[in-house]
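Peer 1: Show me how the following folds:
(one chain, ligands or ions: 1)
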Amino acid sequence: MAHKLRLGVLASGGGSNLQAIMNAAAAGQLDAEVATVISDVECGAQERARRAGVPSVFINRRDKARYPAREVFDDAVLEALQAQEVGLVCHAGYLRIMTPKLVQAYEGRMMNTHPALLPSFGGYGMIGHHVHQAVLDYGCKVSGCTIHFVTEGTDEGPIILQRAVPVEEDDTAETLAARILPIEHELYPQAIQLFAEGRLRIEGRRVRILPKAE
Ligand code: GRF
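Peer 2: So this is what the prediction gives:
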């Protein structure tokens, strides 16, 4: 088989999306492999990478002596991605806003998963529990998840895949999150595979999904 797409996964949390990506790769569902996992805090994602035997890099955002500014930190991230010849960067619960330099270096080659239907309930501060609580507080009847390309505006990049999830009468932020997360686990590997097959064409805000080559 032709040389596989090398993924760099950025994670700050439990790493269940990372796990879904690694599982899909191990099951032969992806023309891609996780080349490196980069985390900015000690987190479950690092442990999952370790268990799967995937190289991981810890760039400690709290180490202000080493990374006194966001630019210095992101330069270290960029270096780690380039060292592994990463072709697609996947944010999977990564909780840091990036510098324009890092975003531009992977323009059209960086994805994120967001646990709501963008453009609603996205942007600065809309992370984790806060997203689902905001959906409930607004009284929405549906939520869902979005896989999108990353651009400089937080959660503003062109949308690749979305799926709706109904809000149930007695939902809490926790129960809603728990129903959305497995859908992210399904969609993220699909988006990666579409990218690996060269089937995602960005046209302005729209991402066209091209038919599979015969
Ligand atoms: C996911 O819901 C993702 O959309 C959000 O944070 C959660 C990360 O979960 N950004 P995990 O770390 O992949 O388990």
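
Peer 1: Helix, strand or coil: sort out residue 33 for me.
Peer 2: When classified by DSSP: H, G, I helix; E, B strand; the rest coil, residue 33 comes out as strand.

Peer 1: I misspoke; the intended subject was residue 113.
Peer 2: On the basis of three-state DSSP, residue 113 is classed as strand.

Peer 1: Bridging across strands, which residues link to it?
Peer 2: Note on residue 113: beta-bridge partners by DSSP bridges are residue 147.

Peer 1: Now for it: which residues touch it?
Peer 2: 17, 91, 92, 93, 145, 146, 147, 184, 187, 188 (C-beta atoms under 8 Å, 6 or more residues apart in numbering). Quick note: C-beta positions are derived from backbone N, CA and C, even for glycine.

Peer 1: what do you get for residue 94?
Peer 2: So residue 94 contacts 10, 11, 12, 40, 112 (C-beta under 8 Å, 6+ apart).

Peer 1: again, but for residue 207
Peer 2: 149, 158, 159, 160, 200, 201.

Peer 1: again, only this time at 10 Å
Peer 2: Contact partners of residue 207, counting by C-beta atoms under 10 Å, 6 or more residues apart in numbering, are 108, 147-149, 157-161, 191, 194-195, 199-201.

Peer 1: Could you do residue 151 as well?
Peer 2: 100, 103, 104, 107, 108, 110, 112, 157, 158, 202, 205.

Peer 1: List only those of those residues flagged as buried.
Peer 2: 103, 108, 110, 112, 157, 158 (16 or more other C-beta atoms under 10 Å).

Peer 1: surely residue 108 meets residue 198?
Peer 2: No - contact criterion C-beta atoms under 10 Å: residue 108 and residue 198 do not qualify, at 11.9 Å.

Peer 1: Would you point out the most distant pair within the contacts of residue 207?
Peer 2: 157 and 199 (17.4 Å; C-beta to C-beta).

Peer 1: So which residues on the chain come close to the ligand?
Peer 2: By the rule C-beta under 6 Å from any ligand atom, the part of the chain lying against the ligand is 11, 13-17, 92-93, 113-115, 128, 181, 184.

Peer 1: possible to save the residues you listed as TSV with pLDDT and secondary structure?
Peer 2: Below are those laid out as TSV (pLDDT from 0 to 100; DSSP: H, G, I helix; E, B strand; the rest coil):
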residue	pLDDT	secondary structure
11	98	strand
13	96	coil
14	96	coil
15	98	coil
16	98	helix
17	98	helix
92	97	coil
93	94	coil
113	98	strand
114	98	strand
115	98	coil
128	92	coil
181	98	helix
184	98	helix
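
Peer 1: Are any of the residues you listed buried, and if so which?
Peer 2: 11, 13-17, 92-93, 113-115, 181, 184.

Peer 1: Could you export those residues as TSV, including distance to residue 60?
Peer 2: Output for these, formatted as TSV (distance: C-beta to C-beta, whole Å):
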residue	distance to residue 60
11	14
13	16
14	18
15	17
16	22
17	21
92	19
93	17
113	24
114	25
115	26
181	26
184	26
